[in-house]
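Visitor: Predicted coordinates and the sequence they were generated for:
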Amino acid sequence: MSNIINNHLGYLFPIPAVASGYIFMPCGIFAIDLNPIVGIGLVFMGCFISLTKTGIQINLAEQQYKEYVSYFGIKLGKWKSLSVYSDISILTKRRLSSSSKSIAKVSSNSTEVHYDVCLLDKNHRRKLIVHRLKSKAHALDEARSLAVLINVQLSKYNPTISSITKQRKMR
């Protein structure tokens, strides 16, 4: 088994931009015949937009993690210690995946649910997303296995509220 866990979390750019990046690449290839500078620029820009991703690497042997941005497969980021994190939890996230309006002015929204496996500090104020999954069962399995590997507790997300925040809510 490898000592480094590598989890891709998503694209750096929004999905419409990524789709346009994939369109720029073949357009640039065809444009090379007409204007090589513009064509090469379109290919490069398309590759950059569509292939730039974010993720996290966890080094189990060193007990460190690296949040990275991957440009053309080169992962850039700094290694940090996992000692800050004592718990692991699953957070449910809902994202608007598409929105449309019809001629009758009826709007339709589609939401996408995903489950983030997160490392949490002792107060649950600092979160580190280590995996993003579409199934709650898979997220729970992943959280359990990571809890054993990293030696943290699987717990429910419950951030502590400061006294200042409590006073503010009472007003």
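Guide: Received it, and whenever you're ready, just let me know what you need. Residues are numbered from 1 along each chain as shown.

Visitor: residues touching residue 38, list them.
Guide: Counting by Cβ atoms under 8 Å, 6 or more residues apart in numbering, residue 38 makes contact with 28, 31. Just so you know, the C-beta spots here come from the backbone N, C-alpha and C atoms, and that holds for glycine as well.

Visitor: can you give me how far stretch 111-124 is from the chain middle?
Guide: 11 Å (Cα atoms, centre = their mean, to the nearest Å).

Visitor: Please identify the buried residues of it?
Guide: Judged by neighbour count (16 or more other Cβ atoms under 10 Å), stretch 111-124 contains these buried residues: 114, 115, 116, 117, 118, 119, 120, 124.

Visitor: CA atoms of that stretch as CSV?
Guide: Presented in CSV, the C-alpha positions along stretch 111-124 are these (Å, rounded to 0.1, in the frame of the first residue of the first chain):
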residue,chain,number,x,y,z
THR,A,111,-29.3,20.7,-7.1
GLU,A,112,-26.5,18.2,-6.7
VAL,A,113,-25.8,16.7,-3.3
HIS,A,114,-22.3,15.5,-2.4
TYR,A,115,-20.7,14.4,0.9
ASP,A,116,-17.4,15.9,2.0
VAL,A,117,-15.2,13.8,4.3
CYS,A,118,-13.5,16.5,6.4
LEU,A,119,-10.8,16.5,9.0
LEU,A,120,-11.7,18.8,11.9
ASP,A,121,-9.7,20.5,14.7
LYS,A,122,-10.8,20.0,18.4
ASN,A,123,-13.3,22.9,18.2
HIS,A,124,-14.5,21.9,14.8
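
Visitor: rewinding a little: ok, so of the buried residues of stretch 111-124, who is nearest residue 139?
Guide: residue 115 (3.7 Å; Cβ to Cβ).

Visitor: Hmm, residue 91 and that closest one touching each other?
Guide: Yes. With contact defined as Cβ atoms under 8 Å, residue 115 and residue 91 form a contacting pair (7.2 Å).

Visitor: Dump the buried residues of stretch 111-124 to TSV, plus secondary structure, distance to residue 136 and pLDDT.
Guide: TSV is the format used below for the buried residues of stretch 111-124 (DSSP: H, G, I helix; E, B strand; the rest coil; distance: Cβ to Cβ, whole Å; pLDDT from 0 to 100):
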residue	secondary structure	distance to residue 136	pLDDT
114	strand	10	89
115	strand	5	93
116	strand	11	92
117	strand	11	93
118	strand	14	93
119	strand	18	93
120	strand	18	92
124	coil	19	86
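
Visitor: and residue 95, what is it in contact with?
Guide: 111, 112, 114.
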